[in-house]
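In: Predicted model follows, preceded by the sequence.
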Amino acid sequence: MDPPEGATLQVVVELSQPALLETSGAGWEVSPAAGGTASSFVFSARTAGFGGALTGSFRGTAAGDLAANGTMRVIDPGTATWAREQATDSGTLTV
């Protein structure tokens, strides 16, 4: 189903320790920007950018596991009730 006109897809990636975001996929805005180090990154895509894969390359700042928890939501979904359901996923990268 197509996203509502004017909506924004937002993915928040929370990390167990600060990491450097080396690269981010085309069509996505990210805060802090690629090249920044943080424990949380917010990726946003407007309606025109939907359908593009979200990619990113993280580099841990310390040895050990780097756990990532991602939450996705649609901002300003209009009356699309399906867009009000959040999605969450997580993973661990051992560096």
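Out: Yep, that arrived.
In: where does the chain have low pLDDT?
Out: Low-confidence segments of the chain (pLDDT under 70): 1-3, 47-52, 79-95.
In: longest strand in it, by residue count?
Out: Longest strand of the chain, by residue count under DSSP state E: strand 8-24.
In: Correct me if wrong: Phe43 contacts Thr55.
Out: No. Applying CB atoms under 8 Å, one finds Phe43 not in contact with Thr55, separated by 9.7 Å. No exception for glycine: its C-beta is placed from N, CA and C like everyone else's.
In: Now for these two: what residues contact both?
Out: Shared contacts of Phe43 and Thr55, defined by CB atoms under 8 Å, 6 or more residues apart in numbering, comprise Ser24.
In: Among these two, which residue is more densely surrounded?
Out: Between Phe43 and Thr55, counted using other CB atoms under 10 Å, Phe43 has the larger neighbour count: 22 against 11.
In: who does that one bridge with?
Out: Note on Phe43: beta-bridge partners Val11, Val30, judged by DSSP bridges.
In: helices or strands up against the longest strand of the chain?
Out: In terms of contacts (3 or more CB pairs under 8 Å, 6 or more residues apart in numbering; DSSP states H and E), strand 8-24 is packed against strand 37-46, strand 56-60, strand 65-75.
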